[in-house]
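A.B. asks: dropping a prediction and its sequence here:
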Amino acid sequence: MPAGDASLTTAQVNQKNALTAITVSTAIALMGVFGFSTGNAGVVGQTANPNSFAGFFAGNAVVTGTLTAAVKNAMVAFPDGSQRVLHCMESPEHWFEDFGTAKLKRGRAVVRLDPDFTKVIKRGDYKVFPAPEGDCRGLYVRRKGAASFEVRELMGAKSSVAFSYRIVARRKDIRGYTRFAKIDARFAKIDINTRLSLPGAATRAPRKGEPPGARLREALDRVDKQVRELREKGGTSRALPKQPPPPLHVRAPRRGKGAIRRRSPNPHIL
């Protein structure tokens, strides 16, 4: 919202360029913020401060679709009390990895794949990279099957050396992707007045059958009513999507006898 506007209590309907969006902001047990759009981003966050964040989550985050980011980092605690950045390895294809150790017996070893790992990979096409952990003539992968692979020592040698291995396999659940596929991540540009300037694809006329603003307002009124009822009586709402239970450290504490007090690992969450 532009600066100076009153903050939202439960809901607001905003219609612009024939694109209708619903924003619900509450403080109930189900969700704090709910964003929905018929043709653009449901929620947009932006900051002009390069040392700040466009979005901040103090807790677990779940993404049911595709997560696209310019850079993906991990924040890791160091013994000196600081937080350090580690970067993700990237690939133009979808791979899963597994690691392990085994030992040759008279120059050969059959290694069984983890049964759970085989359930999520394309078993007919995987790579194995063995690395000896002792003196030998070298190793190679002689055979790969759906449930196991065989490693042998080079030149028919008969060592009994230990080795480690890395397995790389394509994901079973993803098909039809393109290597180095082009992506246009532009969805909205925000000017100095914080008003959305939508791309041409998002400013089309509504398709036949799309609900007009009046129907959306009616739907929002129903959501607003149920939000008020939840605040007064508690319980669940059918108008809002069902959410998974929050982690233990953010759940409301039990009242009365047998209540268990848990201290949150996050100092900002009581």
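C.D. replies: On my side now, so go ahead. Numbering: from 1, shown residues only.

A.B. asks: which residues does residue 150 bridge with?
C.D. replies: Beta bridges link residue 150 to residue 110, residue 143 when assigned by DSSP bridges.

A.B. asks: now do it against residue 58, distance only.
C.D. replies: Separation of residue 150 from residue 58 (CB to CB, to the nearest Å) stands at 49 Å. To be clear about C-beta, it is placed using only N, CA and C from the backbone, and glycine gets the same treatment.

A.B. asks: so those two - more neighbours on which side?
C.D. replies: residue 150 (15 against 10; other CB atoms under 10 Å).

A.B. asks: is it true that the more buried one touches residue 107?
C.D. replies: No: using CB atoms under 8 Å, residue 150 is not in contact with residue 107, being 11.1 Å away.

A.B. asks: what strands line up against the helix or strand containing residue 76, and which way round?
C.D. replies: Per DSSP states H and E: residue 76 is located in strand 73-77. Counting by DSSP bridges, the strands paired with strand 73-77 are strand 83-87 (antiparallel).

A.B. asks: residues in contact with the partner strand?
C.D. replies: With CB atoms under 8 Å, 6 or more residues apart in numbering as the test, strand 83-87 has contacts from 71, 72, 73, 74, 75, 76, 77, 78.

A.B. asks: now the element after it, going C-ward?
C.D. replies: Next helix or strand after strand 83-87 toward the C-terminus (DSSP H and E): strand 95-103.

A.B. asks: for the record, mean pLDDT for that next one?
C.D. replies: Strand 95-103 shows an average pLDDT of 97 in the prediction.

A.B. asks: pull out the buried positions in it.
C.D. replies: 98, 102 (16 or more other CB atoms under 10 Å).

A.B. asks: for stretch 143-162, same thing?
C.D. replies: In terms of neighbour count (16+ other CB under 10 Å), stretch 143-162 has its buried residues at 144, 149, 151, 152, 153, 159, 161.

A.B. asks: who are the contact partners of the fifth one?
C.D. replies: Residues in contact with residue 153, defined by CB under 8 Å, 6+ apart, are 104, 107, 108, 136, 137, 138, 139, 159, 161.

A.B. asks: neighbour-wise, give me the winner out of those.
C.D. replies: Most neighbours among those, by other CB under 10 Å: residue 139, with 24 neighbours.

A.B. asks: for the closest residue in space to it that isn't next to it in sequence, which three-state class applies?
C.D. replies: Once flanking residues are discounted, residue 139 sits nearest to residue 130: 4.4 Å by CB to CB, 6 or more residues apart in numbering. Under DSSP: H, G, I helix; E, B strand; the rest coil, the three-state class of residue 130 is strand.

A.B. asks: likewise for residue 155?
C.D. replies: Going by three-state DSSP: residue 155 is helix.

A.B. asks: quick one: residues contacting it.
C.D. replies: Neighbours of residue 155 in contact, by CB under 8 Å, 6+ apart: 137, 138.

A.B. asks: could you redo the last one with a cut-off of 10 Å?
C.D. replies: 107, 136, 137, 138 (CB atoms under 10 Å, 6 or more residues apart in numbering).

A.B. asks: how close does residue 71 get to residue 225?
C.D. replies: The spacing between residue 71 and residue 225, counted by CB to CB, is 43 Å.
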